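Enquirer: Quick one: sequence and predicted model below, then my questions.
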Amino acid sequence: MIKDPIIELSHKIIPGKENFKVEVNTDDVTKFFPDISHAEEVWYVIGEINMSTHVGTHIEFPFHHKKDGLDAYDYPLDRLIGEAVVLDFSYKLNNESITLKDLKTNSNRIKKGDIIFFRTDRDKYFHTEEWRGTPYLCKEAAIWLVSEFEPKVIGSDSWDIEDPNYDNQPVHTCLFQNNIAMIESATNLAAIRNNRVNVIVLPLAIKNMDACPVRIIAFPI
């Protein structure tokens, strides 16, 4: 049983503390639009954001590694909403592989077309120097997972689950060639435990964006 009806799976973004660029400039609206006027006592501000597409909890689209791949604008909404399962690999050490055998052991919990999250518990290191330590998904396991279950999205609560034994980003490539988006730096996966949940992932629909910071929510089926 899930304690809270809605579970937040996204980190809050704090300018100045992120590992990727994010700058927020907020000022009175008249600084941006001199032709607009308002009473002095009225609080009326507007802001501009300059940020990396990979800041915070974010989703990466096929365009990230595929010139003609789907971007944030084109990725179908029906692939961003659906049932999700969390596979617990929090016992894995940094630089330890999540193997094909590991996935097959968990295969009875996965349904075709799921949104699949890998729990590593590395989200507790977000905004710290230990952030980049993580286990990874081996190439063979990624290929098998895609061919067997055709997931809508694959994600993790670590900064990356790429197989470091190759220099051609095989996990990303495997996903993106099959039009599967990838979430990095999620959080609170431990709150889901072994429950199946509904998940909604709604990025900004901006053309030519390879990735996008995203707010993800999970709630009971």
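Expert: Cool, the structure landed. Numbering: from 1, shown residues only.
Enquirer: In this structure Tyr75 contacts Phe61, no?
Expert: Yes: Tyr75 is within contact range of Phe61, at 5.3 Å (criterion: Cβ atoms under 8 Å). C-beta here means a position set from N, CA and C on the backbone, and glycine is covered the same way.
Enquirer: Which residues are in contact with each of these two?
Expert: Residues touching both Tyr75 and Phe61 (Cβ atoms under 8 Å, 6 or more residues apart in numbering) are Ala181.
Enquirer: residues making contact with the longest helix along the chain?
Expert: In the chain, with assignment by DSSP state H, the single longest helix is helix 139-149. Outside helix 139-149, the residues that touch it by Cβ under 8 Å, 6+ apart are 97-100, 102-104, 107, 110-114, 116, 151, 154, 163, 165-166, 170-171, 174-175, 178, 180.
Enquirer: PyMOL command for the buried members of those?
Expert: Here is the PyMOL command that picks out the buried ones among the contacts of helix 139-149, judged by 16 or more other Cβ atoms under 10 Å:
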select buried, resi 97+98+100+102+103+110+114+116+151+154+163+170+171+174+175+180
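Enquirer: moving C-terminal of the longest helix of the chain, what's the next helix or strand?
Expert: Next helix or strand after helix 139-149 toward the C-terminus (DSSP states H and E): strand 153-156.
Enquirer: re the thing from before, keep only those of the contacts of helix 139-149 that are in helices.
Expert: Cross-referencing these against helices under DSSP H gives 100, 102-104, 170-171, 174-175.
Enquirer: Contact partners for the nearest residue to Lys12 once chain neighbours are set aside?
Expert: Spatial nearest neighbour of Lys12, excluding adjacent residues (Cβ to Cβ, 6 or more residues apart in numbering): Gly56 at 7.7 Å. By Cβ under 8 Å, 6+ apart, the residues touching Gly56 are 10-13, 18, 20, 22, 185, 213.
Enquirer: likewise Asp102?
Expert: Asp102 touches 89, 141, counting by Cβ under 8 Å, 6+ apart.
Enquirer: In space, not sequence, find me the middle residue of the chain.
Expert: With distances taken as Cα atoms, centre = their mean, the chain has Ile183 as the residue nearest its mean C-alpha position (2.4 Å).
Enquirer: Just the element for that residue, please.
Expert: strand 181-184.
Enquirer: mind listing what's buried in that strand?
Expert: 181-184.
Enquirer: Also stretch 121-131?
Expert: Within stretch 121-131, the residues scored as buried using 16+ other Cβ under 10 Å are 121-123, 125-126, 131.
Enquirer: Return the item of the residues you listed having minimum pLDDT.
Expert: Within the buried residues of stretch 121-131, Trp131 has the lowest pLDDT, namely 90.
Enquirer: any idea whether it is helix, strand or coil?
Expert: Assigned with DSSP: H, G, I helix; E, B strand; the rest coil, Trp131 falls in the helix class.
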